[in-house]
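K.L.:
Prediction below, plus the sequence it came from.
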Amino acid sequence: MNRNTKYVYRFGSLAVDGKGSMRAELGGKGAGLAEMALLSVPVPPGFTISTSVCRFYLEHDNMPLGLKEQLDASLLWLEGTHGRRFDNRQNPLLVSVRSGAAISMPGMMDTILNVGLNERNLDGLAKQNGSMRFALDSYRRLLQMFGSVVLEVPKKRFDSVLEAVKQREGVATDAEISQPGLRNIVDGFHQLILTHTGEPFPEDPQMQLSMAIEAVLQSWKNERAQHYRRLHKIDELSGTAVTVQAMVFGNRGMDSGTGVGFTRNPSTGFGEIFGEFLANAQGEDIVAGIRTPTAIAALAQTMPQVYEELRAITSRLEQHFRDAQDFEFTVENGKLFLLQTRSAKRSAIAAVKIAVDMAMEKLISKEEALRRIKASSIAEILSPQIDFSSDTPEAIAHGLPASPGSAVGRIALSADAAVEAAGKHGENPVILVTQETTADDIHGMAVAVGFLTAQGGATSHAAVVARGMGKCCITGAKGIVVDQTKGSLQIGDLNFQPGDWLSLDGSTGRVFAGKLPLRQSEAGNPELDTLLEWSLELSSTPIRANADTPQDAAVARRAGAQGIGLCRTEHMFFASDRLPHIRSMILASNIADRQKALDTLLPMQQADFETIFRQMAPLPVTIRLLDPPLHEFLPTADDLNHQLHLAQSRQDVHKINELEGLLLRGQSLAESNPMMGHRGCRLSITYPEILVMQVTAILQAALRVEEEGFLPAPEIMVPLVACAEEIRWLRRLIDETAKDVFRKHGRSIEYEVGTMIELPRAAVCAGTFADQVSFVSFGTNDLTQMTFGFSRDDARKYLDSYLEQGILSDDPFITIDQEGVGALMETAIRQLRLKNPKIKIGVCGEHGGDPVSIAFFKSLGVDYVSCSPARLPMAQLAMAQAEAILPEEHTLGRKIYSVV
Ligand code: PEP
Ligand code: MG
């Protein structure tokens with residue numbers, strides 16, 4: 001940077017230095033004003049100090065050399081353009097000073113109006129406008145805004161001075177205060193500033209201007225702004241611009257006023273100008289809610305010419321920027337000025353409607369429409385939401401937003417209690433609140449409308465099940481103590497009993513006391529359907545669903561799944577009519593007893609597979625062999641001891657023996673590190689008969705369904721493989737079992753065998769088993785767990801600190817860690833493709849439903865991703881976006897993508 005660097009960009013009807021595309025330099029506001037000036041939209045003239053000044057100021061605590069000269073020259077230019085002079089007693093020029101980063105940022109200083117006014121030129125302003133009352137009103141506004149924002153006098157102190165005068169005069173609104181009353185207010189504000197800061201208000205306009213500019217730059221560093229940037233991942237160094245603009249006055253009488261509006265409705269997307277107007281008022285009055293504004297549409301009656309002009313200009317702006325705009329305007333004695341235009345913030349529903357409508361109107365392309373929708377916001381549209389349109393109460397706890405949507409229900413502290421409270425037909429909404437959920441709680445989860453857990457993370461049991469069920473879930477909520485024995489729940493300082501109402505916002509992880517109203521999500525949103533149709537047209541990578549039951553599969557098919565990428569068969573075993581048989585199998589002391597239990601299970605599994613194959617044919621269905629450690633099928637030791645106690649008191653010998661057997665077996669199966677224990681393919685190696693039963697059920701089901709005329713496409717997947725020998729061993733067993741089945745039935749059917757890659761060793765050595773399988777699927781939940789050494793179920797305890805401290809930028813269980821886990825995937829894919837060019841590669845961990853991760857997987861060249869049915873639309877959109885954004889050929893180069 002040197003003396004010749006350009007820091008200041010002018011805009012007005014006579015000269016425009018900047019343009020709309022210069023957001024990075026001029027901020028959103030400055031760029032919008034420059035573009036409007038280029039379009040000959042009436043904007044008051046002014047100039048914008050570029051964001052580079054902010055960066056320099058923050059680094060050096062000083063303004064760059066050469067800025068002062070450019071500011072002085074621009075001020076002279078502004079005086080010439082506007083025909084008024086800064087600090088002139090007869091005809092003073094007043095300016096507004098406003099912040100404006102490239103991305104609009106609440107939390108920063110926004111606006112100071114009427115800069116340049118003082119006791120010396122007050123009369124001049126009064127003469128200029130024919131009203132001393134108006135001049136005093138403008139002056140008190142300057143003192144109030146400058147005092148609170150620049151000099152940091154608490155805003156409330158100004159309000160009390162104002163209120164006292166209003167009370168004395170017996171008036172309800174600011175606009176009714178008399179001229180002497182305003183003089184009293186001005187004097188009161190002067191006194192307040194002097195008392196609070198020890199200095200009088202700076203009367204020198206130049207001093208006001210430079211202090212205001214510095215305050216804007218300083219506000220970039222304030223805590224709220226920093227917090228907002230952290231939350232929204234905005235670059236700390238991008239800085240804010242400062243716009244200095246000639247004042248136009250909305251407080252010059254009833255033919256003046258100020259308004260804000262949108263070119264389309266920001267909550268519904270409906271295509272009609274929408275907003276508010278307040279006559280005889282200046283900018284802040286609308287937001288401050290001092291008087292009730294009227295709808296912009298009412299201007300059609302009160303100021304028809306202004307209304308027509310506003311409609312014409314804003315629709316031109318929308319056409320020009322090819323997006324819905326939010327705009328600010330002022331009317332000064334019947335003349336309209338635009339003060340700001342920018343892309344309007346909008347609800348998820350509105351975003352979809354606006355994008356689709358604009359594509360239909362040929363304003364934007366289909367690709368652009370797709371690109372504009374935040375894929376993660378789709379979940380918001382599809383699930384019922386708490387209606388926050390009335391007052392939003394304080395959240396009583398925060399947790400991880402593990403599964404989106406909202407839930408309002410009565411508290412139940414155990415799965416059994418949930419079933420009881422939900423009623424026979426599930427008619428009562430229940431929220432299951434537990435320390436954590438386990439497979440034993442499935443029945444309670446099935447009836448609950450949402451889950452809240454004190455522990456657990458994004459891939460904990462509660463989270464995975466909730467997303468699978470499309471239910472709202474908050475995990476790892478801090479400050480929650482569940483006491484099941486006492487049957488009580490403490491959240492922060494509040495005590496709750498079972499049956500009390502609780503409301504969950506799964507999209508943000510907020511917990512509220514009481515029963516908040518729910519707003520049904522628009523079922524069958526037609527614009528969303530159109531958008532999803534377009535994303536299917538524009539993407540060639542299939543999205544499959546993780547579906548464990550025939551019910552899930554039906555939902556997945558209806559939602560457009562292009563196959564099932566993961567059917568976790570253990571979830572079929574957990575059904576209450578099967579649990580006793582799986583328990584007998586686990587408790588069996590010899591092969592014959594074990595086989596007997598498996599023989600009972602076989603037809604049940606087969607029946608499920610048949611239904612799933614029928615629902616999905618001819619699409620592929622990946623069925624994963626049993627994965628979890630066997631002790632998870634047994635009740636917990638606490639439960640067993642409790643039941644044992646009861647059985648002993650009843651002297652029920654048979655029950656006592658059974659329970660003691662379960663306890664003993666449970667003890668022998670329990671592991672200190674179950675996630676790294678006797679699970680996955682290790683189970684099939686120690687208990688091959690389980691594999692034989694499952695493979696038989698899968699292939700018999702396929703044969704039966706084929707006989708009925710369907711075209712089933714079974715894919716058998718082996719979990720948690722570490723080395724090639726495991727696969728070789730198991731593949732042999734699968735193929736021998738298949739041969740037996742085909743021999744028995746006198747017919748055969750095509751099936752594929754594949755493996756999951758969930759262990760770092762499997763990823764690093766993928767080439768060694770590439771020729772043994774026809775597909776692989778990355779189990780990114782376990783792969784993340786095993787790569788970081790972070791337990792899926794317990795990591796919450798420390799992950800929050802990692803995120804708060806910025807040690808990790810994202811929860812690796814939600815958004816794939818591209819650098820580490822991603823590198824393992826890349827290594828594996830490279831080897832797999834080299835050794836087996838025909839191999840199919842998919843992803844079925846929870847990351848398969850995360851938009852940012854999906855873009856990354858696509859860049860690695862995967863053939864499909866699989867996610868829970870509720871996330872299918874989101875994943876479909878994210879994949880289309882990834883394909884529209886990425887180049888044609890997906891090489892294995894390291895590319896780090898973020899998604900709009
Ligand atoms: C995984 O580990 O990513 C996976 C899909 O399997 P599960 O979540 O069932 O362990
Ligand atoms: Mg796994």
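P.N.:
Arrived safely. Worth saying up front: this structure is predicted, and the values here are computed from it rather than measured. Numbers count the residues shown, from 1 in each chain. Ligands and ions are numbered 1, 2, ... in the order given.
K.L.:
what does the stretch 451-600 of the chain put close to ligand 2?
P.N.:
Residues of the stretch 451-600 of the chain that fall close to ligand 2, judged by CB under 5 Å from the ion: none. Glycine gets a C-beta too; all of them are placed from N, C-alpha and C.
K.L.:
Give the buried residues for the longest helix belonging to the chain.
P.N.:
Longest helix in the chain by number of residues (criterion: DSSP state H): helix 591-616. Within helix 591-616, the residues scored as buried using 16 or more other CB atoms under 10 Å are 594, 597-598, 601-602, 604-606, 608-616.
K.L.:
Stretch 566-577 too?
P.N.:
Buried residues in stretch 566-577, counted by 16+ other CB under 10 Å: 566, 567, 568, 569, 570, 571, 572, 573, 574.
K.L.:
Would you check that residue 282 makes contact with residue 113?
P.N.:
Yes. Contact criterion CB atoms under 8 Å: residue 282 and residue 113 qualify, at 5.8 Å.
K.L.:
Quickly list what's touching both of the two.
P.N.:
Residues touching both residue 282 and residue 113 (CB atoms under 8 Å, 6 or more residues apart in numbering): 138, 141.
K.L.:
Let me see the mean pLDDT of the longest helix of the chain.
P.N.:
What helix 591-616 shows for mean pLDDT is 94.
K.L.:
what pairs with the next helix or strand after it, and is each one parallel or antiparallel?
P.N.:
As assigned by DSSP states H and E, the chain's next helix or strand after helix 591-616 is strand 620-624. Sheet pairing here is set by DSSP bridges, and for strand 620-624 it gives strand 564-568 (parallel), strand 713-718 (parallel).
K.L.:
Could I get those in JSON lines, plus columns for mean pLDDT and distance to residue 29?
P.N.:
Shown next, in JSON lines, are the strands paired with strand 620-624 (pLDDT from 0 to 100; distance: least, CB to CB, whole Å):
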{"stretch": "strand 564-568", "mean pLDDT": "97", "distance to residue 29": "46"}
{"stretch": "strand 713-718", "mean pLDDT": "98", "distance to residue 29": "54"}
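K.L.:
Quick check: which of those is buried the most?
P.N.:
Looking across those with neighbours counted as mean count of other CB atoms under 10 Å, the highest average goes to strand 564-568: a mean of 26.
K.L.:
Tell me the helix or strand right after it.
P.N.:
In N-to-C order, the element after strand 564-568 by DSSP H and E is helix 570-573.
K.L.:
Check which helices and strands that following helix sits against.
P.N.:
helix 591-616 (3 or more CB pairs under 8 Å, 6 or more residues apart in numbering; DSSP states H and E).
K.L.:
Give me the angle between the helix it packs on and strand 620-624.
P.N.:
160 degrees (axes from the mean of the first three to the mean of the last three CA atoms, to 10 degrees).
K.L.:
Point out where the stretch 401-550 of the chain drops to low pLDDT.
P.N.:
For the stretch 401-550 of the chain, the stretches with pLDDT under 70 are 425, 439, 457-460, 467-468, 470, 520-524.
K.L.:
Show me where it has its strands.
P.N.:
Ranges of strands within the stretch 401-550 of the chain are 406-412, 430-434, 450-453, 472-475, 480-483, 488-491, 494-496, 501-505, 510-513, 518-519, 543-546, based on DSSP state E, counting those that start in this stretch.
K.L.:
Name the residues that touch the longest one?
P.N.:
Contacts with strand 406-412, where a contact means CB under 8 Å, 6+ apart, come from 383-386, 418, 420-422, 428-433, 444, 448-450, 471-472, 489, 496-507, 515-518.
K.L.:
neighbouring strands for it, and are they parallel or not?
P.N.:
Per DSSP bridges, strand 406-412 is paired in its sheet with strand 430-434 (parallel), strand 501-505 (antiparallel).
K.L.:
got it, and the shortest one?
P.N.:
Each strand paired with strand 518-519, and its direction, by DSSP bridges: strand 385-386 (antiparallel).
K.L.:
What of the last one?
P.N.:
Sheet pairing for strand 543-546, assigned by DSSP bridges, gives strand 564-568 (parallel), strand 864-867 (parallel).
K.L.:
of all the ones you listed, which lies closest to residue 37?
P.N.:
Using CB to CB as the measure, strand 864-867 is the one of these that comes nearest residue 37, at 46.9 Å.
K.L.:
Regarding stretch 784-796, how distant is the last residue from the first?
P.N.:
Chord length of stretch 784-796, first to last residue, is 14 Å (CA to CA, to the nearest Å).
K.L.:
ditto for stretch 248-258
P.N.:
Stretch 248-258 stretches 10 Å from its first residue to its last (CA to CA).
K.L.:
Nearest to residue 834 among the strands of the stretch 401-550 of the chain would be which one?
P.N.:
With CB to CB as the yardstick, what comes closest out of these is strand 543-546 (24.9 Å).
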